[in-house]
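Asks: Quick one: sequence and predicted model below, then my questions.
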Amino acid sequence: EAGVAQSPRYKIIEKRQSVAFWCNPISGHATLYWYQQILGQGPKLLIQFQNNGVVDDSQLPKDRFSAERLKGVDSTLKIQPAKLEDSAVYLCASSLKAQGNTGELFFGEGSRLTVL
Amino acid sequence: DAKTTQPTSMDCAEGRAANLPCNHSTISGNEYVYWYRQIHSQGPQYIIHGLKNNETNEMASLIITEDRKSSTLILPHATLRDTAVYYCIVRVVNDYKLSFGAGTTVTVRA
């Protein structure tokens, strides 16, 4: 079974530039999450999708971050304009929400962003 | 608003059992205890979870105290590949999203 795919793995940009990250979840997983992980900290949830609808985006800095999940499969996370403090690893995860399921989240390897 | 407390770091000898404590004194009756680990440069990986009873799988054992206010993750025979950050997470039954703390950095030494 293929895992969660993310790209690019690494990205370096100047502050005030824009960047986009892509995520392809595990086939059949209706729930998709984007997490931000700053060096030395645990991952922080940015946004949660159920199919193509947003369930929770309370911690997404909406003045500069946006995310979409068209057709309920792939998702993109965009940052515009980037700030120095956005330097982090952006992790995508997916889960299969079903009765009796463990509720396990499957994570991708992440996209590491460096803002100079 | 951290729901769990874990030691910042711990060392373990290769081949020995590693016992990772977690305090979750404010846990509610409808909350599970989940454990994930994150090996360097990888995304977090599910290990095990439990509600009230002790659980065991091929990776680890989870011991939950009777009052559910604390738990211990046991890696029975630690290997160098178990070096990682281990996260103890309390999660509401029907809400799949996870709130991570800082975790415990476990270093397994030869």
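Replies: That came through, no problem. Numbering: from 1, shown residues only, chains lettered A, B, ... in the order given.
Asks: for chain A, which residue is closest to the average position?
Replies: Nearest to the mean C-alpha position of chain A, by C-alpha atoms, centre = their mean, lies residue A:34 at 2.6 Å.
Asks: Pull the contacting residues for residue 89.
Replies: Unless you meant another one, I'm taking chain A. Counting by C-beta atoms under 8 Å, 6 or more residues apart in numbering or on different chains, residue A:89 touches A:36-37, A:110-113. For glycine as for every other residue, the C-beta is placed from the backbone atoms N, C-alpha and C.
Asks: actually chain B
Replies: Residue B:89 sits next to B:3-4, B:33-36, B:98-101 when contact means C-beta under 8 Å, 6+ apart.
Asks: mind listing which of those are in strands?
Replies: Among the contacts of residue B:89, the residues falling in strands (DSSP state E) are B:33-36.
Asks: mind giving me CSV with the residues you listed and columns for neighbour count?
Replies: Output for the ones in strands among the contacts of residue B:89, formatted as CSV (neighbours: other C-beta atoms under 10 Å in any protein chain shown):
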residue, neighbour count
B:33, 25
B:34, 22
B:35, 23
B:36, 25
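Asks: anything in stretch B:53-72 near chain A?
Replies: No. Figure legend: stretch B:53-72 not in contact with chain A (C-beta under 8 Å from any C-beta of the partner chain); closest approach 10.2 Å.
Asks: Now that stretch: buried residues?
Replies: Neighbour counts over stretch B:53-72 (16 or more other C-beta atoms under 10 Å in any protein chain shown) mark B:55, B:60-64, B:68, B:70-71 as buried.
Asks: ok, now stretch B:32-45?
Replies: Using 16+ other C-beta under 10 Å as the test for burial, stretch B:32-45 gives B:32-38, B:43-45.
Asks: from the middle of its chain, how far away would it be?
Replies: In terms of C-alpha atoms, centre = their mean, to the nearest Å, the centre of stretch B:32-45 is found 9 Å from the chain centre.
Asks: on that earlier part again, let me know whether the strand or helix carrying the residue nearest to the centre of chain A sits next to chain B.
Replies: Secondary structure from DSSP states H and E places residue A:34 in strand A:31-37. Yes. Counting by C-beta under 8 Å from any C-beta, chain B has neighbours in strand A:31-37: A:31, A:33, A:35.
Asks: Specify which member of the buried residues of stretch B:32-45 is nearest to chain A.
Replies: The shortest approach to chain A among these belongs to residue B:43, at 2.9 Å (C-beta to the nearest C-beta).
Asks: Brilliant, that's me finished.
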